[in-house]
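> need a structure here:
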Amino acid sequence: MSRARPPPLVTGISPKEGPAWTKVTIRGENLGTGPADLIGLSICGHNCMLTAEWMSASKIVCRVGPAKDDKGEIIVTTKSGGLGTSTVSFKLFRPERIGILEQSAVWVDEVNYDMRTNRNKGISPFSLRPSNPLGIEMDKGKVPQKDLEQIFPGMSGDFTRENFSASWYLIENHAGSSFEQLKVAANNLKKQASKKNEGSLAYVKGGLSTFFEAQDALAAIHQRLESDGTEKVEGSMTQRLENILNRASNTADTLFQEVLGRKDKADSTRNALNVLQRFKFLFNLPLNIERNIQKGDYDVVINDYEKAKSLFGNTEVAVFKKVYAEVETRIKALGNLLLEKLLQTPSTLHDQKRYIRYLSDLHAPGDPAWQCIYAQHKWILQLMQNCRDEFISGKRVGRGALELEGDARPAALGRLGHSASLKRGGSLRSARPSTWPYETPQQVQFVEKLSDVVIGQLPNFWKLWISYVNGSLFSETGEKSGQVEKSKKNARQRQNDFKKMIEELTNRLVKLIRGALLPTTLPQGELSVYGGWEDKMELTGAWFTQIIHTVRGCHEALSTLEIPNDLLQVIQDLLLELRVHCLMVTLLHTSEDVKRLAEKEDWVVDNEGITSLPSKFEQCMVQMLQSLKEPLEIKPGEINVLQLDQVQDQAAELSVSIMKVFINCLEQLSTKADEDFDVSLNISVDLSSPDRFSRIQEGFIPTSEQRLLIILSNCQYLERRTFLNLADHFEKHGLTGTEKINRVSMDAVRELDGKLFEAYIERRADPIAGSLEPGMYAGYFDWRDCQTPTGVRNYLKEALVNIIAVHAEVFTVSKDLVPRVLSRIVESVADEMCRLMQCVSSFSKNGALQARLELCTLRDAVTAYLNPDSNTSFRQALDSLPQLHSGADKKLLEELLNKFKSSMQLQLTCFQPSNVQPVKR
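Numbering: from 1, shown residues only. Okay, the predicted model is just below:
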């Protein structure tokens, strides 16, 4: 069961006063859901249903009947809402009744006054009939007129004609009506017929006595004529009757001559007044048109013109023709003015619709709406091209020049996110100056300005086309004259043309951006039109990110207009290439940033022997990945650029290149010549002093050996932590090829590590091993002729002190490097001692004891750093010596060993395993 609707409410009536049979328009709310829903309409107490014509739920048209009340409300009754109310009233003018002998200046016995051209013609009674006699909603059928004429030959569907066919009328106007609706229509016809019958019956009853008297008189005349015959005889009844009638006619003419004369005079006066009124309106019209055009009251001009056209459009009076021709000239000039304003740019969508409506009401030639669309299309294209030309010519150099008038949107640069400061080593980029917004690259400013032009103009352009398609550009006059259907037909024919316009606009947008950012993607012939940015600043990845943000915003704004996706695909393709280009540019610029990290090395190590360089490198890479977050983000309709095989390979290669650049940076730091450092800040240290590194502070310039150790420590840190952390970051941000990047990076850093390690061992081990032989044979020492050993000779003590110095040097940089370095140093010394012992041809008893003492002393001192190779060297050296057989020799050897260990206890402590942590720097 449907819920009850609100009762009808009448809020307006036009006109508000008039005589009977005045046509009025009633406006209000809830005035019915259709013609069948309207069951009652009274004005001033008179039922007006016979002439009521339901137009919409807010509009009804009818004629006011001869009501009893002079002023009253307008009451509408509907099935769905019941009895309604009214907030307005209608005033009914009543003509004065004039007797046959009363004087009157104007003949007022009129039913209706019509301002039509052929006003002297009588009003057909059918004009008062409703256009929908059945009182139900009309549903026009699709049966052609020719078919109906063949089915009903000689008949008509017009109910005002004598040859009216009800079947024709139903097929033509109610083909889709249901049986229930037709039953309602039948009831409506019965009601109308009963009302008409009642009126006719009352008329007959009122004149019934006169009718009977006339019938009796005619019957008596008939009988008398039959008895007298048909011949005309003087003195007969017929002759006497004729004479009586002639006298009655003469008496009537004499009696009513004055009244009829006054009537003719009143008619002439009224006609003269009407002509004068028309004359006044017409001759004032040209001046009024000019004044209203100057004031911009185009609606008034059009209404006056329509009125004049209906009154004088077909006049044959020469004076009226002349004035009306002048009116037509003014209207033609108005049409040209409106067309000029319509095609004028820039203009708002509201003004464009208004001018199109005016031109349609004036029945301007051509298609003003399409002319406006075409002009707007050309203007937007020119705006876009002018934007590029202004930047190329250098007219736009400041940020302020870019803002559109009245544009309250925040500047695009304000949307740039600022990267977080690095935790160590500070930001990799210099701080932005206070004038930074004015130093925005010209390409970035151009893309933002171009996007502002497109977003500002294209939506109105699209809305104008939609209004053109659905016919909402026209007024009610245009709707009734069929201009809406004509417009829709024209729009259907021009759909392809408009589609080409949108394609041209989007292609122009894309080509202009390509010319500024991706000139290599344009054909050579188009570079002269869209290129010309060669002398502009090269953009970084951050600026490309901002451009991507701007282009995405432009695409989203156009998508909200429901423009077909195929027309916006070129923008999606551009976004894909910009994202790929941004990725590659960011990786290349990161490689340059990493290359400059060598300049930031301060050589200050932490507790783990690591400088700030690995941390700076890691944070540089993390910052790069964070800057790629927005370009790599997948918006609706976009694809993942990292899923493209070619992009994957290029990104992986560039990432590997960045790793290799940093490793090469470390290698260059390790091989940097001493003279490249500021020697004024160097610290003079003694290699024999184990605590010499305690004074290393910021500003310290290390020796080449110290640099090797620091770089070695950094390489180990890269392998253990940095590269693994970066692999996690790569995977987190969706970059593919992480395994390859990590593998190649590990191989490269290990290769550098081995190279630097061998270089350091060569610098430290060779001098120690090379000093053994000269020290061993100093003073012409001979193994075959020597005294009884009294202790370890100085050359061995010096070798141990040098090993201790190396230990101190390595320990100060990195405790983790000590076993690795000392093992190789001891291996080199053990190998040299083995070689020297094996080269001795023979030993005396004392010589063998002395050699065994020195070998055992050296071996026992560095026991913690012996490896299989050094153990083998010591064993082979001892095997080459004669064995000790006497107990005295063994006892002496042990005493001398203990004596040496006791005297060198402090120095040999560094070779003992301990938990001493390296000094903090």
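> Give the buried residues for whichever strand or helix holds residue 614.
In this assignment (DSSP states H and E), residue 614 forms part of helix 613-627. Buried residues in helix 613-627, counted by 16 or more other Cβ atoms under 10 Å: 613-625, 627. Placement of C-beta: from N, CA and C, glycine included.
> can you check stretch 801-812 too?
Quick answer for stretch 801-812 (16+ other Cβ under 10 Å): 801, 802, 803, 804, 805, 806, 807, 808, 809, 810, 811, 812.
> Okay, and the second one sits in which element?
Which is residue 802. helix 794-813.
> what is the rounded mean pLDDT of that helix?
Averaging pLDDT along helix 794-813 gives 87.
> one step back: which of the buried residues of stretch 801-812 lies closest to residue 753?
For the buried residues of stretch 801-812, the residue nearest residue 753 by Cβ to Cβ is residue 810; the value is 14.6 Å.
> mind listing what the closest one touches?
709, 817, 818, 821, 822 (Cβ atoms under 8 Å, 6 or more residues apart in numbering).
> before we move on, what about residue 331?
289, 301, 305, 362.
> ok, and the closest non-adjacent residue to the second one?
In this structure, residue 301 finds its nearest non-sequential neighbour in residue 292, 4.7 Å apart by Cβ to Cβ, 6 or more residues apart in numbering.
> Show me which positions of stretch 812-825 end up buried.
Buried residues in stretch 812-825 (16+ other Cβ under 10 Å): 812-818, 820-825.
> on that earlier part again, let's have the contacts of residue 331 in CSV, adding secondary structure, pLDDT and distance to residue 280.
Formatted as CSV, the contacts of residue 331 follow (DSSP: H, G, I helix; E, B strand; the rest coil; pLDDT from 0 to 100; distance: Cβ to Cβ, whole Å):
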residue, secondary structure, pLDDT, distance to residue 280
289, helix, 87, 15
301, helix, 88, 18
305, helix, 86, 16
362, coil, 82, 24
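> Now the buried members of those residues.
Buried positions within the contacts of residue 331, assessed by neighbour count (16+ other Cβ under 10 Å), are 289, 301, 305, 362.
> which secondary element of the chain has the worst mean pLDDT?
The weakest-scoring helix or strand in the chain, judged by mean pLDDT, DSSP states H and E, is helix 476-480 (a mean of 57).
> burial count for residue 850?
25 (other Cβ atoms under 10 Å).
> So it is in contact with residue 792, correct?
No. Counting by Cβ atoms under 8 Å, residue 850 does not reach residue 792; the two are 9.0 Å apart.
> Output the buried ones among the contacts of residue 331 in a markdown table, with distance to residue 508 appended to each entry.
Listed next are the buried ones among the contacts of residue 331 as a markdown table, based on distance: Cβ to Cβ, whole Å:
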| residue | distance to residue 508 |
| --- | --- |
| 289 | 42 |
| 301 | 39 |
| 305 | 42 |
| 362 | 35 |
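> Tell me the one among those nearest to residue 517.
For these, the nearest to residue 517 is residue 362 (48.5 Å; Cβ to Cβ).
> That closest one contacts residue 303, doesn't it?
No. At 11.4 Å, residue 362 does not count as touching residue 303 under the criterion of Cβ under 8 Å.
> still on that earlier bit, please name every helix or strand in contact with the first helix or strand past the least confident helix or strand of the chain going along the chain.
Counting by DSSP H and E, the next helix or strand C-terminal to helix 476-480 is helix 483-493. Under the contact criterion of 3 or more Cβ pairs under 8 Å, 6 or more residues apart in numbering; DSSP states H and E, helix 483-493 touches helix 442-470.
> can you list contacts of stretch 780-789?
In contact with stretch 780-789 (Cβ under 8 Å, 6+ apart) are residues 840, 842-844, 846-851, 853, 892, 896.
> how about residue 816, what does it touch?
When contacts are counted by Cβ under 8 Å, 6+ apart, residue 816 touches 608, 609, 713, 716.
> actually residue 744, sorry about that
Contacts for residue 744 (Cβ under 8 Å, 6+ apart) come out as 656, 659, 660.
> ok, now with 10 Å
652, 653, 655, 656, 657, 659, 660, 737 (Cβ atoms under 10 Å, 6 or more residues apart in numbering).
> secondary structure element for it?
Taking DSSP H and E as the definition, residue 744 sits inside helix 738-770.
> For the helix or strand just after that helix, buried residues please.
Going down the chain from helix 738-770, the next helix or strand is helix 772-776, by DSSP H and E. Neighbour-count burial for helix 772-776 flags 772, 776 (criterion: 16+ other Cβ under 10 Å).
> helices or strands up against helix 772-776?
With contacts taken as 3 or more Cβ pairs under 10 Å, 6 or more residues apart in numbering; DSSP states H and E, helix 772-776 sits against helix 794-813, helix 818-838, helix 845-861.
> Now the second one - C-alpha only, CSV.
This means helix 818-838. Extracted C-alpha coordinates of helix 818-838, given in CSV (Å, rounded to 0.1, in the frame of the first residue of the first chain):
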residue,chain,number,x,y,z
VAL,A,818,93.6,-8.2,15.7
PRO,A,819,93.5,-12.0,15.4
ARG,A,820,93.3,-11.8,11.6
VAL,A,821,96.2,-9.4,11.2
LEU,A,822,98.5,-10.8,14.0
SER,A,823,98.0,-14.3,12.6
ARG,A,824,99.3,-13.3,9.3
ILE,A,825,102.2,-11.2,10.8
VAL,A,826,103.2,-14.2,13.0
GLU,A,827,102.9,-16.5,10.0
SER,A,828,105.2,-14.3,8.0
VAL,A,829,107.8,-14.1,10.8
ALA,A,830,107.6,-17.8,11.5
ASP,A,831,108.2,-18.6,7.9
GLU,A,832,111.2,-16.3,7.7
MET,A,833,112.7,-17.9,10.9
CYS,A,834,112.1,-21.4,9.5
ARG,A,835,113.9,-20.3,6.3
LEU,A,836,116.9,-18.8,8.2
MET,A,837,117.3,-21.9,10.4
GLN,A,838,117.1,-24.3,7.5
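> All set, thanks.
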